[in-house]
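Asker: Need a 3D model of the following:
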Amino acid sequence: PAPVAQVGTNLTDLRLPRRVTVRELGGCMGPIWHSYYSECSALLFVVDASNPTQVSSSCIQLLSVLSAAPLASVPVLVLFNKIDLPCYMSLVEMKSLFRMQDIVSCATQPITTLETSARDGTGLAEVLQWLRTTLKDP
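Answerer: The predicted structure follows:
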């Protein structure tokens, strides 16, 4: 299947058990992301781990998000997605390309990284657990 670009915003409600609203903003919407920062309690930043050509632009976008004043203390979960594809880069490779150790050491917010597959559900339980813990749900 062809890659699908996220255009616009999608809202999804989760029960963790309290209701949490997740707003999905595609990468092409980067120029307006800042207008949503003030209502953000946690940030999930999704990276396509099967597309090495996007690593540099994704890294620049992540650094921009991390440097935004309204997000200075908002917990961040970086998801390296599409690990179900044969061409995906491993977590070690992605962390190295992103220089995650440097990013984490310089960031003001706590940063966690996980590998996921939106297609087959790998990592979904860990993402939900991270949200529960981060948003103080039991």
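
Asker: Can you show me the strands along this structure?
Answerer: Using DSSP state E, the strands of the chain run over 9-15, 19-25, 43-48, 76-81, 111-115.

Asker: dump the residue contacts of the nearest residue to residue 63 once chain neighbours are set aside.
Answerer: The shortest distance from residue 63 to any non-neighbouring residue, by CB to CB, 6 or more residues apart in numbering, is to residue 103 (7.1 Å). Any C-beta I mention is one placed from the backbone N, CA and C, and that applies to glycine too. Taking CB atoms under 8 Å, 6 or more residues apart in numbering, we find residue 103 in contact with 62, 63, 66, 111.

Asker: I'd assumed residue 109 was in contact with the third one.
Answerer: Okay, so that is residue 66. Yes: counting by CB atoms under 8 Å, residue 66 does reach residue 109; the two are 6.7 Å apart.

Asker: list residues touching both of these two?
Answerer: By CB under 8 Å, 6+ apart, residue 66 and residue 109 have these common neighbours: residue 76.

Asker: When these two are compared, which one has more neighbours?
Answerer: Under the neighbour definition other CB atoms under 10 Å, residue 66 and residue 109 were set side by side, and residue 66 has more, 21 against 15.

Asker: Local confidence estimate at that one?
Answerer: Residue 66 is assigned 96 on the pLDDT scale.

Asker: now do residue 137
Answerer: pLDDT, the model's per-residue confidence, is 60 for residue 137.

Asker: Got a PyMOL select line for the buried ones in the contacts of residue 103?
Answerer: Buried members of the contacts of residue 103, defined by 16 or more other CB atoms under 10 Å, are picked up in PyMOL with:
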select buried, resi 62+66+111
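
Asker: In helices, which of the contacts of residue 103 fall?
Answerer: In helices, defined here by DSSP state H, the members of these are 62, 63, 66.

Asker: show me what contacts the last one?
Answerer: This points to residue 66. Counting by CB under 8 Å, 6+ apart, residue 66 makes contact with 76, 103, 107, 108, 109, 111.
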